[in-house]
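**Student:** coords below, sequence missing:
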Ligand code: HEM
């Protein structure tokens, strides 16, 4: 996972109180570690941070992912306005997301880990394939909803296949109303 995401996760945790942030960083082994935005960190270390967050905050993984998505979406809009402004609607925006994930790390001087994890496998209805040991499909679905809201559009999301239900990968179908 790229450092930019880990840095944002640490900031999100900070919104839950400095004491709890300290505790989470300490327990997960991230205390005093320098986080470089362009660097790729081992997925297991990212997962340790996320799991410790759920434990210390007393919330489940889904709630943590949704909370993080809601925190990070405005940051993405602010930091990367071009990706939003150059797409005329939510479908155009979402269509480009795998490409964005592919390009960003090299733009930032790092290397991608998401590349093979997130793909568009069908155009109509728009369907994402997602496979990652991070199992961030709840994060992903909330980002999709927020993207639709950004364009004042409405979507329904179905996930007929999900790693959390034992499937090999997730399939996220986005129907734009
Ligand atoms: C302009 C908007 C966005 C930017 C700049 C962005 C950037 C990033 C970056 C840098 C990562 C870490 C990549 C890595 O470590 O390989 C990431 C991860 C991720 N992004 Fe985005 N993202 C954006 C929008 C979205 C949207 C709309 C979705 C929903 C489809 C999404 C889904 C994900 C998922 C699921 C991951 C985690 C992948 C994993 O490691 O399991 N992102 N994003």
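**Tutor:** Structure received. All of these numbers come straight from a predicted model, not from anything done at the bench. Residues are numbered from 1 along each chain as shown.
**Student:** Residue numbers of this structure in contact with the ligand?
**Tutor:** By the rule Cβ under 6 Å from any ligand atom, the part of the chain lying against the ligand is 1-2, 4-5, 40, 76, 80, 83, 97, 100-101, 104, 112-114, 117-118, 130, 132, 134, 136, 139-140, 143-144, 147. Heads up, the C-betas are built off the backbone N, CA and C, glycines and all.
**Student:** Show me the residues you listed that map onto strands.
**Tutor:** The subset of the residues of the chain next to the ligand located in strands under the criterion DSSP state E comprises 118, 130.
**Student:** so how far is residue 67 from the residue of the chain positioned farthest from its centre?
**Tutor:** Most distant from the centre of the chain: residue 19, at 24.8 Å, with distances by Cα atoms, centre = their mean. Distance, residue 19 to residue 67, using Cβ to Cβ, to the nearest Å: 18 Å.
**Student:** quick one: the helices in the chain?
**Tutor:** Counting by DSSP state H, the chain has these helices, from start to end: 3-14, 18-28, 43-57, 61-79, 81-85, 90-95, 97-107, 137-150.
**Student:** Worst mean pLDDT among those?
**Tutor:** When those are ranked by mean pLDDT, helix 97-107 comes last with a mean of 88.
**Student:** angle of that helix against helix 137-150?
**Tutor:** If you take axes from the mean of the first three to the mean of the last three Cα atoms, to 10 degrees, helix 97-107 sits at 100 degrees to helix 137-150.
**Student:** Just the buried residues of helix 97-107, please?
**Tutor:** Within helix 97-107, the residues that count as buried by 16 or more other Cβ atoms under 10 Å are 97-98, 100-101, 104-105.
**Student:** quick revisit: filter the residues of the chain next to the ligand down to the buried ones.
**Tutor:** 1-2, 4-5, 40, 76, 83, 97, 100-101, 104, 112-114, 117-118, 130, 132, 134, 136, 139-140, 143-144, 147.
**Student:** just how off-centre is stretch 118-129 within its chain?
**Tutor:** Taking Cα atoms, centre = their mean, to the nearest Å, one finds stretch 118-129 lying 17 Å from the centre of the chain it belongs to.
**Student:** sorry, that was for stretch 1-20
**Tutor:** Chain-centre distance of stretch 1-20: 13 Å, with Cα atoms, centre = their mean.
**Student:** Which phi and psi values does residue 151 adopt?
**Tutor:** Note on residue 151: backbone dihedrals following degrees, to the nearest 10 are phi -100, psi 10.
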